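1. Sequence first, predicted model second:
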Amino acid sequence: MTEHAIDWAGLRAAALAAAENAYAPYSGLSVGCAALADDGRVVTGCNVENASYGLTLCAECTMIGALHASGGGTLVAFACVDGSGNTLTPCGRCRQLLFEAAAPGLLVDTASGARTIDELLPDAFGPSALPAR
Ligand SMILES: O=c1ccn([C@H]2C[C@H](O)[C@@H](CO)O2)c(=O)[nH]1
Ligand SMILES: [Zn+2]
């Protein structure tokens with residue numbers, strides 16, 4: 001799929017709608033994200049905080065759960081926004097989560113344009129580093 005075929009405005013809108021469902025009483029930062037899967041469906045996530053702060057789930061984490069719960073697949077394009085619609089780029093842990101679910105060349109929306117997952121997480125640790133079993 002070529003970049004011009006990706007409906008970035010639609011992905012950002014889906015991410016913003018997901019941010020409405022964020023549970024972020026501790027940080028006050030609502031986050032929503034959305035990704036286009038290789039079969040054309042759009043999966044979304046929102047951050048879910050916890051009174052035990054370190055247990056917080058980033059929006060990307062719940063989105064990856066939704067990807068698998070709705071049938072799996074790989075991700076072609078990804079966008080993340082705060083509750084005001086400002087573009088956010090994923091934290092380090094979420095880059096790793098996205099890497100494992102990425103279709104080749106996964107595009108990630110950033111404030112400076114779309115970047116590939118390989119640009120955002122160069123020399124990534126991944127499944128190929130594990131011993132054969
Ligand atoms: O990539 C990120 C980075 C942060 N957050 C959330 C976690 C926490 O609830 C809030 C503040 O860090 O933002 C995400 O959802 N995704
Ligand atoms: Zn994160």
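-> Okay, I see it. Ligands and ions are numbered 1, 2, ... in the order given.

2. Show me what the host helix or strand of A13 is packed up against.
-> Here A13, judged by DSSP states H and E, is contained in helix 8-19. Contacts defined by 3 or more C-beta pairs under 8 Å, 6 or more residues apart in numbering; DSSP states H and E place helix 8-19 against strand 31-37, strand 42-46, helix 59-69, strand 75-82, strand 102-110. C-beta here means a position set from N, CA and C on the backbone, and glycine is covered the same way.

3. Those residues of the protein touching ligand 2, which are they?
-> Selection of the chain residues close to ligand 2 by C-beta under 5 Å from the ion yields C58, C91, R93, C94.

4. Show me which residues of this protein sit near ligand 1.
-> 24, 27, 29, 31, 47, 49, 56, 58-60, 90-91, 94 (C-beta under 6 Å from any ligand atom).

5. Using neighbour counts, trim those residues to the buried set.
-> Buried subset of the residues of the chain next to ligand 1 (neighbour count, 16 or more other C-beta atoms under 10 Å): A24, V31, N47, E49, C58, A59, E60, P90, C94.

6. quick one: the third one and C80, what's the gap?
-> Noted for N47: a distance of 10 Å to C80, by C-beta to C-beta, to the nearest Å.

7. Identify the bridge partners of A114.
-> D109 (DSSP bridges).

8. Okay, buried residues for stretch 106-117 please.
-> So for stretch 106-117, counting by 16+ other C-beta under 10 Å, buried means L106, L107, V108, D109, T110, A114, I117.

9. Which pair of the residues you listed spans the longest distance?
-> Distance extremes for the buried residues of stretch 106-117: the farthest pair is L106 and T110 at 12.6 Å, using C-beta to C-beta.

10. highest average neighbour count across the helices and strands packed on helix 8-19?
-> Across these, the average number of neighbours (mean count of other C-beta atoms under 10 Å) peaks for strand 31-37, which reaches a mean of 27.

11. Quick check: neighbours of that strand in the sheet, parallel or antiparallel?
-> strand 42-46 (antiparallel), strand 75-82 (antiparallel).

12. The helix holding A13 to helix 59-69, inter-axis angle?
-> Helix 8-19 and helix 59-69 are oriented at 100 degrees to each other (axes from the mean of the first three to the mean of the last three C-alpha atoms, to 10 degrees).
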